[in-house]
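J.: Sequence and computational prediction follow.
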Amino acid sequence: MGIRQNVSNAPTLYLMKTFFLIAILGLSIHANCNGQSATTSVMDFSNVVVADSLSKEFLFRNAQRWVNTIKDEKIVLSQNDSILGKIEGESSYLVYTQQAGILKKLSGRVSYKISIEVKDKKYRYHFSDFVFHYYKQDRYYNMVETGKVKSLNEQSASGWQKLWDYHRTITQNKLKEYCKQLEIKMVEKPEVPSEKVTAKKVEW
Amino acid sequence: MKKLIQIVLFNAFSFAVAIPAFSQDATEKKEEEKPKVTMSGYIDTYYLHAFNSPKSGNLMGAGQDPSNGLPFYAGRAFDRLNDQFSLGLVQTKFSYSDKHSDLVIDLTFGPNAELGNFGNQRMAPGQGYATGYFPANPNQSVLYGTSAAIKQAYFTWKATSKFSFTVGQFGTHVGYEVIDAPINYHYSLSNLFNNGPFYHVGAKANYVFSDKATLMLGVVNNWDALTDWKSQKSLIGQLYLKPVEGWNVYVNYISGRNDDGFKSSGNLAYTPVAPTSYNRTLFDLTTGYQITSKFYLGLNAAYGWYTFDNDSYHDVIVAAYQSLKPTWGGVAGYVNYAISDIVGIGARYEYFSDKNGVRYIGTTNTSLTITAPITVADGHLIMKPELRIDNAASVNGVNYYEDKDGKPTSSQQTIGMAFIYKY
């Protein structure tokens, strides 16, 4: 409500406020995402973010919007509760052995858990349990899951270390980007559809 | 004015900050819709030693020497050379895939490519046994040149998310094993594979009822031949079921009239047992279950038969095949265990019967194969040490395999190693 008033009464002030918020958040995101994964080498990305003046409902709606922006992954939500302010689920994406231009060759699938919790003026997110699912080519030349899995927290992969490191790097970069995108999206004002001005027939 | 500059500057900055997020979305969406091109392939080389040290230098059996009186010799169809480094196959495969279509161009060269195309060699009749599909008509036989390098060449049109349509030359839907060495667990191929179809030229439609059930139906020329010698086409079908996660079941079918080049006269240079007609039908069950992430069980069973017309050639057919309805078939069980990412161990036990001599082996054979694949170099190099023990029933009192003197013996044991490099 407050935001709406600010917008309508003092657009410049609102824009400046948003600008500083984004800038500060951007810096904090950078520190959080890089810090956690790079120092520990554990695939676990989380942060608690203070979002002054933003309501639980506003944050929850933006969390849902962020989830909807992830187009290239298969997301299954186990919880999407606005009362509790929780979004939980599992997502997965495919990783490739060969990715130069339009050349691609499937290597496997990485699944992970998503958890976003919101409260008034703050929220936290957690991306965890990164697991690689092995694929193989079946007798019909389709790439299918073998049922064998390996935690992405494992650093060694005998016989295929280079490819394994590549998958871990891809995952780290992807999730760092997700952290950034999520934190930007969480403070973003939803687009309000502009009212159409239509000529009304008025009795004279 | 100051305010205006502030707003312009802010908008420019916020645009710069916000754009990466939106452009990322756009990029992801584009990525999803982008056509995918894959280039893959492999080469393989093997070295085998047979403990029966066959005099001929290959593992095909004692029937190669006519003096042994055995009409059949196909004890080992692909990895057939003994005590020498032998090249298997060179494959280059291109595939293109987008939301609505798939295209596969699978080119193969080398000894196993020749054997996979055994019916299409440019050999004149009488210059080798593999001349069954050599068309007598020179306007057809002239086609048999570079065509033999095509293992598969087809496109699939994905009309809807459930219905797709494929036309071209494609690998058979029948059986557990394929020619491609990296896909099979064992290097040496089963008799069920050797005596079944390898590929077809035709069209097929696929309908996905759910992720647990799919049906394929199609029409093809015949088995393993580039051209057709008759107007009737063979019907193919496959029912795929997934009763539980990790368990796949394929029930396969093919049936046609006069669709075996070795048993038809038509436009062929090859002379069959009798210029009569027949129907041929084959049912095949292929199933596999990933019990745990490391433990896998597989099964392949097939049963096929010919039904010859009861005409004036009745006695000739019965004399050749002991029946107007000769049959063949078998069953193979597979068990694999992944010890680590590098090493696994697996066994195949197979019983195969062609006691009517209607296929290529012409006897009943049991086979045990034990393989321990070693995968290194980021999955590119697979080495397969392998032990195989074959025992065959005698045919008219004559043993099937060959000893160091070229004489018949009942069994053949081989130990060897295959090196497969895939990309």
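T.: Okay, I see it.
J.: In terms of pLDDT, where does A:Y96 sit?
T.: Here the pLDDT value assigned to A:Y96 is 89.
J.: Give me the sheet partners of the strand or helix carrying B:W157 and which way each runs.
T.: Using DSSP states H and E, B:W157 falls within strand B:150-158. Note on strand B:150-158: by DSSP bridges, its sheet partners are strand B:101-109 (antiparallel), strand B:163-171 (antiparallel).
J.: Can I get those strands in JSON lines including mean neighbour count?
T.: Where C-beta positions appear, they are placed from N, C-alpha and C, glycine not excepted. Output for those, formatted as JSON lines (neighbours: other CB atoms under 10 Å in any protein chain shown):
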{"stretch": "strand B:101-109", "mean neighbour count": "18"}
{"stretch": "strand B:163-171", "mean neighbour count": "18"}
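J.: Could I get those in CSV, plus columns for mean pLDDT and distance to B:Y421?
T.: Shown next, in CSV, are these (pLDDT from 0 to 100; distance: least, CB to CB, whole Å):
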stretch, mean pLDDT, distance to B:Y421
strand B:101-109, 96, 15
strand B:163-171, 97, 21
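J.: could those strands go into a markdown table alongside distance to B:I374?
T.: Listed next are those as a markdown table, based on distance: least, CB to CB, whole Å:
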| stretch | distance to B:I374 |
| --- | --- |
| strand B:101-109 | 24 |
| strand B:163-171 | 26 |
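J.: and the residue lying closest to B:K158 once chain neighbours are set aside, bridged to which residues?
T.: Nearest non-adjacent residue to B:K158, counting by CB to CB, 6 or more residues apart in numbering or on different chains: B:S164, 4.7 Å away. Counting by DSSP bridges, B:S164 is bridged to B:K158, B:N206.
J.: ditto for B:N336
T.: Under the criterion used (DSSP bridges), B:N336 bridges to B:Y296, B:G346.
J.: Might one say that it is in contact with B:Y185?
T.: Yes - at 5.6 Å, B:N336 and B:Y185 qualify as touching, with contact defined as CB atoms under 8 Å.
J.: Need the residues touching each of the two.
T.: Shared contacts of B:N336 and B:Y185, defined by CB atoms under 8 Å, 6 or more residues apart in numbering or on different chains, comprise B:344, B:346.
J.: Quick one: name the residues of the stretch 201-350 of chain B near chain A.
T.: Taking CB under 8 Å from any CB of the partner chain as the measure of proximity, the stretch 201-350 of chain B contacts chain A at B:246, B:248, B:286, B:290, B:292-294, B:296, B:338, B:340-342.
J.: Can you show me the strands along the stretch 151-300 of chain B?
T.: Assigned by DSSP state E, counting those that start in this stretch, the strands in the stretch 151-300 of chain B fall at B:163-171, B:199-210, B:213-220, B:234-241, B:247-257, B:278-290, B:295-308.
J.: so the last one versus strand B:278-290, what angle?
T.: Relative orientation of strand B:295-308 versus strand B:278-290 (axes from the mean of the first three to the mean of the last three CA atoms, to 10 degrees): 170 degrees.
J.: Just want the angle from the helix or strand that strand B:295-308 is followed by to strand B:278-290.
T.: Counting by DSSP H and E, the element after strand B:295-308 in chain order, helix or strand, is helix B:314-321. Relative orientation of helix B:314-321 and strand B:278-290, computed by the same axes, to 10 degrees: 30 degrees.
J.: Which strands and helices lie in contact with helix B:314-321?
T.: Packing partners of helix B:314-321 (3 or more CB pairs under 8 Å, 6 or more residues apart in numbering or on different chains; DSSP states H and E): strand B:295-308.
J.: quick one: buried residues of the strand it packs on?
T.: In terms of neighbour count (16 or more other CB atoms under 10 Å in any protein chain shown), strand B:295-308 has its buried residues at B:296, B:298-302, B:304-306, B:308.
J.: Confirm that A:W66 sits in a helix.
T.: Yes - according to DSSP: H, G, I helix; E, B strand; the rest coil, A:W66 belongs to a helix.
J.: For it, report the pLDDT, please.
T.: 94.
J.: give me every residue that touches it.
T.: Contacts of A:W66 (CB under 8 Å, 6+ apart): A:116, A:181-182, A:185-186.
J.: Which ones, among the residues you listed, also lie beside chain B?
T.: Among the contacts of A:W66, chain B is touched by A:181, A:185 when using CB under 8 Å from any CB.
J.: In three-state terms, label A:R168 for me.
T.: Under three-state DSSP, A:R168 falls in the helix class.
J.: and stretch A:112-131, what's its mean pLDDT?
T.: In this model, stretch A:112-131 has an average pLDDT of 96.
J.: What residues of it count as buried?
T.: A:112, A:114-118, A:123, A:125-127, A:130-131.
J.: how about the strands of the stretch 151-300 of chain B in a markdown table, adding distance to B:L115?
T.: Listed next are the strands of the stretch 151-300 of chain B as a markdown table, based on distance: least, CB to CB, whole Å:
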| stretch | distance to B:L115 |
| --- | --- |
| strand B:163-171 | 15 |
| strand B:199-210 | 12 |
| strand B:213-220 | 20 |
| strand B:234-241 | 22 |
| strand B:247-257 | 20 |
| strand B:278-290 | 20 |
| strand B:295-308 | 20 |
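J.: out of those, nearest to A:M143?
T.: Closest to A:M143 of the strands of the stretch 151-300 of chain B is strand B:247-257 (CB to CB; 13.7 Å).
J.: one step back: the residue nearest to B:K158 is in contact with B:W157, isn't it?
T.: Yes - using CB under 8 Å, B:S164 is in contact with B:W157, at 6.5 Å.
J.: Helix, strand, or coil at A:K105?
T.: Here A:K105 takes the strand state, with states given by three-state DSSP.
J.: pLDDT averaged over stretch A:154-169 - what is it?
T.: The model assigns stretch A:154-169 a mean pLDDT of 92.
J.: how long is it from one end to the other?
T.: 13 Å (CA to CA, to the nearest Å).
J.: Need the residue closest to the centroid of the chain.
T.: This is for chain A. Centroid-nearest residue in chain A, with CA atoms, centre = their mean: A:Y178, separated by 3.9 Å.
J.: try chain B instead
T.: Nearest to the mean C-alpha position of chain B, by CA atoms, centre = their mean, lies B:V178 at 3.0 Å.
J.: give the contact list for that residue.
T.: B:V178 touches A:139, B:171, B:184, B:193, counting by CB under 8 Å, 6+ apart.
J.: contacting residues for the first one?
T.: With contact taken as CB under 8 Å, 6+ apart, A:R139 is in contact with B:175-178, B:183, B:286.
J.: re the thing from before, distance check, the residue nearest to B:K158 against A:K71.
T.: Using CB to CB, to the nearest Å, B:S164 is found at 24 Å from A:K71.
J.: Over to A:Y123?
T.: Taken as CB to CB, the span from A:Y123 to A:K71 is 22 Å.
J.: Kindly report the same for B:S234.
T.: 44 Å.
J.: Buried residues, stretch A:156-174. List them.
T.: Those would be A:157, A:159-160, A:163-164, A:166-168, A:171-172, A:174, for stretch A:156-174 by 16+ other CB under 10 Å.
J.: Specify the residue ranges that define each domain of chain B.
T.: What the record gives for chain B is the domain set B:1-34, B:37-422, from automatic domain parsing.
J.: Point out the most buried one among those.
T.: Of these, the one with the most neighbours on average (mean count of other CB atoms under 10 Å in any protein chain shown) is domain B:37-422, at a mean of 18.
J.: and that domain, how far apart are its ends?
T.: The first and final residues of domain B:37-422 sit 17 Å from each other (CA to CA).
J.: pull the helix or strand with minimum mean pLDDT from chain A.
T.: helix A:2-9 (a mean of 38; mean pLDDT, DSSP states H and E).
J.: follow-up on the earlier one: among the contacts of B:V178, which pair sits farthest apart?
T.: Pairwise distances across those (CB to CB) peak at 12.7 Å, for the pair B:G171 and B:N184.
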